[in-house]
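Undergrad: Sequence below, structure please.
(one chain, ligands or ions: 1)
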Amino acid sequence: MIRWFRKLLHGSATGRDFSRYLWLTWIDILLLALPPVAAAEFIRQAYLQEGWPASGAIFLGIALGSPLLRLAVQWKARMLGAKTVFAAISAYRRQLVRRVLATPLWQLHKWPEGQWLERLGGDIRQIQEGIFIVLVRLQVNLLLAAILLLYVGYYRPEVLGGFLLALALCLVVGHCLLTTITRHVDKLNECNMAVRARLATMMDGIRTLRLFGATRLPALRLDIHLQAQRQAQQRAIPALAVRDQIFHALLELCLILGLLLAWRAQADADLLPVLLILPIAHHNLYGAWQEWGLLKWTRQAWVRVQALAELPQQLQGATPLPGRPETLSVNAVGFAYADRPVLDAVDARFSPGSHSVIVGRNGAGKSTLLMVLARLYDHGDGQILLGGVPIHTATLGSWRAHVAVVLQDTALLPGTLRDNLLLGRPDAKDEELNEALHKACCDDFVAQWEGGLDTVLSEGGVIPSAGERQRIAIARALLKDAPIVLLDEVTSGLDSVSASRVQQAIQVLARHRTVIQVTHSLLQAVRADQVLVLSTGKVIEMGKHAALLHADRTYAALWSLYQHSLQWRVIG
Ligand SMILES: Nc1ncnc2c1ncn2[C@@H]1O[C@H](COP(=O)(O)OP(=O)(O)OP(=O)(O)O)[C@@H](O)[C@H]1O
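TA: Down below sits the predicted model:
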């Protein structure tokens, strides 16, 4: 365990401040041990009138003065702890977030139940707790118990011997008990996690649940998980209750055994400190035992966090891409989600300034191709070249500077309209932001927002409609001014007025740029420079709308179905 913490704290663990922090912690422990020992000595000497009253005054002074001294030591130790341990944990957390951002999305989705973010927060808190247990609390309890027992042993070695013998017995019995109990508690934790994940899914699908009612709950298997949780609780709760009591009883047995041995030897004034000190040592040992149990959770949290940190990251290249517009070529590109192939030897060419439309049935792999082009996922086989340079050998930043992406369901981040637009170009002035909003046909709704660019776009502020969100995303893409624009079904689900507004905005965005658009609206394909038809991850047809109609294959069939769908009426 210490090895992980060293790894985690490696910068500060070797630093001067960290050593001072550890030294101060040790002094703090000694100061903590002083009052009970001094008080016991004070009582013993008062009883015997040994060196009285001068020595009594000294011990009383120590007993009352050390808490004051501890105050100063603790204050300094805490300051140094914040500077070293907390700083190391925050740096680790930052590093972890950076790694997560550079991890392909599909890798993260492999994380159980998609709850990795929530777990990550909890696990880091547990690791932080674990570090303090090891560095401070466990040390305090063990060292304090050791000092106090040594004091007892000084007056009555036979009492210490009896106590240690009983303690060894207690540890063996405690360990056997712990193994069984831990199994039950692990099971309970597993069940709690499953129930939490189901509840999170319910919150995401709250509208569906309201509309279809609680009768559909079995679809989430929540009842099964709740039942398993109940069963696990039934085993774990008594086990936990019994565990503490048994350990207490065993420790008390140690005490009694130790004292019996002392009593049998001789009852005199030296027994006084023993009687005073042993219960305190007993309390410290119990604390250390509980903390040892907690370290097990820390170990599991560390293993989970490390597993996340060790997921393969995006391939990072060193060469920046050339800034001029170039042809984008996709050569025999393949991609699989875990073991499931989705793209199979996709070939395509996108010339600078051209407008390409990708069509195909649901699940054909259109969005995945767009994600691979945006390098949200790194492809497996084949190559994607920009002007002959493979994009996966380019720095991620330089490739991302080449592409602007607008997705079907644009997520706006909590913050103001300005914050969201500035993601496109962080140094843009207000005039440039307003111009982008104007070009993206946002004037009509932004004019109604009193805050203008400072309008807060989240709960408690304004929640833009789907069409408004899409137009804000287009304004953001306009600000980015990237030569390649990737659009994924940006008008699906919008009413005809919003769709035509968004379409207008797309036309402005498409000017002088290479546009690759995924859509189910084949009207978009009519004026496109090329149409790619995707089926089960393969490009099965490619060409202009008229030529594809003439070929009379899959695209022609899709077009005919599309034409029919436009004529459908609901007859009541
Ligand atoms: N994160 C993911 N993990 C695993 N499989 C995925 C993931 N995303 C998509 N898939 C699968 O990959 C296949 C292609 O999905 P994709 O979204 O690319 O299709 P699409 O052509 O865009 O479909 P649609 O027209 O319905 O949007 C589907 O079978 C889908 O189930």
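Undergrad: who in the stretch 351-500 of the chain is up against the ligand?
TA: When proximity is defined as Cβ under 6 Å from any ligand atom, the stretch 351-500 of the chain approaches the ligand at 360, 362-368. No exception for glycine: its C-beta is placed from N, CA and C like everyone else's.
Undergrad: if I've got this straight, Leu532 is in a helix?
TA: No. Counting by DSSP: H, G, I helix; E, B strand; the rest coil, one finds Leu532 to be strand, located in no helix.
Undergrad: That one and the ligand, how far apart?
TA: When Cβ to the nearest ligand atom, to the nearest Å is applied, the distance between Leu532 and the ligand equals 12 Å.
Undergrad: likewise Trp399?
TA: 20 Å.
Undergrad: Show the contacting residues for Ala39.
TA: With contacts defined as Cβ atoms under 8 Å, 6 or more residues apart in numbering, Ala39 is in contact with 59, 63, 276.
Undergrad: Can you add neighbour count, secondary structure and distance to Ala241 and give these back as JSON lines?
TA: Written out in JSON lines, the entries for those read as follows (neighbours: other Cβ atoms under 10 Å; DSSP: H, G, I helix; E, B strand; the rest coil; distance: Cβ to Cβ, whole Å):
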{"residue": "Phe59", "neighbour count": "22", "secondary structure": "helix", "distance to Ala241": "41"}
{"residue": "Ala63", "neighbour count": "18", "secondary structure": "helix", "distance to Ala241": "37"}
{"residue": "Leu276", "neighbour count": "19", "secondary structure": "helix", "distance to Ala241": "30"}
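Undergrad: ok, and of those, which contact the ligand?
TA: Counting by Cβ under 6 Å from any ligand atom, no member of those is near the ligand.
Undergrad: Flag the least confident of those.
TA: Checked by pLDDT, the contacts of Ala39 have Leu276 as the lowest-scoring entry (75).
Undergrad: shouldn't it be in contact with Phe42?
TA: No. Counting by Cβ atoms under 8 Å, Leu276 sits too far from Phe42 to count as a contact (10.2 Å).
Undergrad: still on that earlier bit, need the contacts of Ala39 in a markdown table with distance to Glu435, can you?
TA: Formatted as a markdown table, the contacts of Ala39 follow (distance: Cβ to Cβ, whole Å):
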| residue | distance to Glu435 |
| --- | --- |
| Phe59 | 81 |
| Ala63 | 75 |
| Leu276 | 81 |
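Undergrad: Pro341 - that's part of a strand, no?
TA: Yes. Under three-state DSSP, Pro341 sits within a strand.
Undergrad: OK, contacts around it?
TA: Shown in contact with Pro341 (Cβ under 8 Å, 6+ apart): 334-335, 537.
Undergrad: and with 10 Å instead?
TA: 334-335, 365, 380-381, 536-537 (Cβ atoms under 10 Å, 6 or more residues apart in numbering).
Undergrad: For it, name its beta-bridge partners.
TA: With DSSP bridges applied, Pro341 shows beta-bridge pairing to Ala336.
Undergrad: From Val456, how far out is it?
TA: The spacing between Pro341 and Val456, counted by Cβ to Cβ, to the nearest Å, is 44 Å.
Undergrad: what's around Ala505, how many residues?
TA: 26 (other Cβ atoms under 10 Å).
Undergrad: residue ranges of the strands in the protein, please?
TA: Secondary structure of the chain by DSSP state E: the strands cover 328-337, 340-350, 355-360, 383-386, 389-390, 403-406, 484-488, 514-518, 530-535, 538-543.
Undergrad: The protein against the ligand: which residues are in contact?
TA: Taking Cβ under 6 Å from any ligand atom as the criterion, the neighbours of the ligand within the chain are 106, 109, 337, 340, 342, 360, 362-368.
Undergrad: okay if I get the residues you listed as a markdown table plus neighbour count and pLDDT?
TA: Written out in a markdown table, the entries for those read as follows (neighbours: other Cβ atoms under 10 Å; pLDDT from 0 to 100):
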| residue | neighbour count | pLDDT |
| --- | --- | --- |
| Trp106 | 18 | 70 |
| His109 | 11 | 67 |
| Tyr337 | 15 | 83 |
| Arg340 | 8 | 85 |
| Val342 | 19 | 92 |
| Gly360 | 24 | 92 |
| Asn362 | 6 | 90 |
| Gly363 | 13 | 90 |
| Ala364 | 22 | 92 |
| Gly365 | 23 | 93 |
| Lys366 | 24 | 94 |
| Ser367 | 16 | 92 |
| Thr368 | 23 | 92 |
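Undergrad: and the biggest helix by length in the chain, how far out from the chain's middle?
TA: Secondary structure assigned by DSSP state H gives helix 157-204 as the longest helix of the chain. Its chain's average C-alpha position is 26 Å from that of helix 157-204, according to Cα atoms, centre = their mean, to the nearest Å.
Undergrad: other SSEs contacting that helix?
TA: Counting by 3 or more Cβ pairs under 10 Å, 6 or more residues apart in numbering; DSSP states H and E, the packing neighbours recorded for helix 157-204 are helix 116-132, helix 138-155, helix 206-212, helix 222-265, helix 271-309.
Undergrad: What's the mean pLDDT across that helix?
TA: Helix 157-204 comes out with an average pLDDT of 76.
Undergrad: what angle do that helix and helix 138-155 make?
TA: Computed with axes from the mean of the first three to the mean of the last three Cα atoms, to 10 degrees, the direction of helix 157-204 lies at 160 degrees from that of helix 138-155.
Undergrad: going forward, begin numbering at 276 instead of 1
TA: All set: I'll call the first residue 276, so the last point we hit is now helix 432-479.
Undergrad: tell me the domain boundaries of this structure?
TA: Using automatic domain parsing, the domain parsing of the chain gives 276-430, 432-544, 603-842.
Undergrad: Lowest mean pLDDT across these, which one is that?
TA: Ranked by mean pLDDT, these end with domain 432-544 at the bottom, a mean of 72.
Undergrad: Indicate the residue of the stretch 476-625 of the chain located nearest to the ligand.
TA: In the stretch 476-625 of the chain, the residue found nearest to the ligand is Tyr612; the distance is 3.4 Å by Cβ to the nearest ligand atom.
Undergrad: That residue touches Ser642, doesn't it?
TA: No. Tyr612 lies out of contact with Ser642 (Cβ atoms under 10 Å); the separation is 11.8 Å.
Undergrad: Now Val678: closest residue in space that isn't a chain neighbour?
TA: Once its chain neighbours are removed from consideration, Val678 has its nearest residue in Ile759; the separation is 4.7 Å (Cβ to Cβ, 6 or more residues apart in numbering).
Undergrad: Also Ala748?
TA: Nearest in space to Ala748, with sequence neighbours left out and distances taken as Cβ to Cβ, 6+ apart, is Thr685 at 4.0 Å.
Undergrad: Next up, the contacts around that neighbour.
TA: Contacts for Thr685 (Cβ under 10 Å, 6+ apart) come out as 695, 739, 741, 743-749, 751, 765.
Undergrad: ok, now with 6 Å
TA: 744-745, 748 (Cβ atoms under 6 Å, 6 or more residues apart in numbering).
Undergrad: just the residues you listed now: which is nearest the ligand?
TA: The nearest member of the contacts of Thr685 to the ligand, counting by Cβ to the nearest ligand atom, is Gln745 at 16.0 Å.
Undergrad: now the closest one, nearest residue through space, not along the chain?
TA: If the residues on either side of it in the chain are set aside, Gln745 comes closest to Val777, at 5.0 Å by Cβ to Cβ, 6+ apart.
Undergrad: which residues does the one you found contact?
TA: For Val777, the contact set (Cβ under 6 Å, 6+ apart) comprises 745-746, 766.
Undergrad: My guess is Gly742 contacts Ser773. True?
TA: Yes. In terms of Cβ atoms under 6 Å, Gly742 counts as a neighbour of Ser773; the distance is 2.9 Å.
Undergrad: isn't the residue of the stretch 476-625 of the chain closest to the ligand right next to Trp381, touching?
TA: Yes. Under the contact definition of Cβ under 6 Å, Tyr612 touches Trp381, with a separation of 4.9 Å.
Undergrad: Over to Glu585: give its phi and psi.
TA: Dihedral angles phi and psi of Glu585 (degrees, to the nearest 10) take the values phi -100, psi 0.
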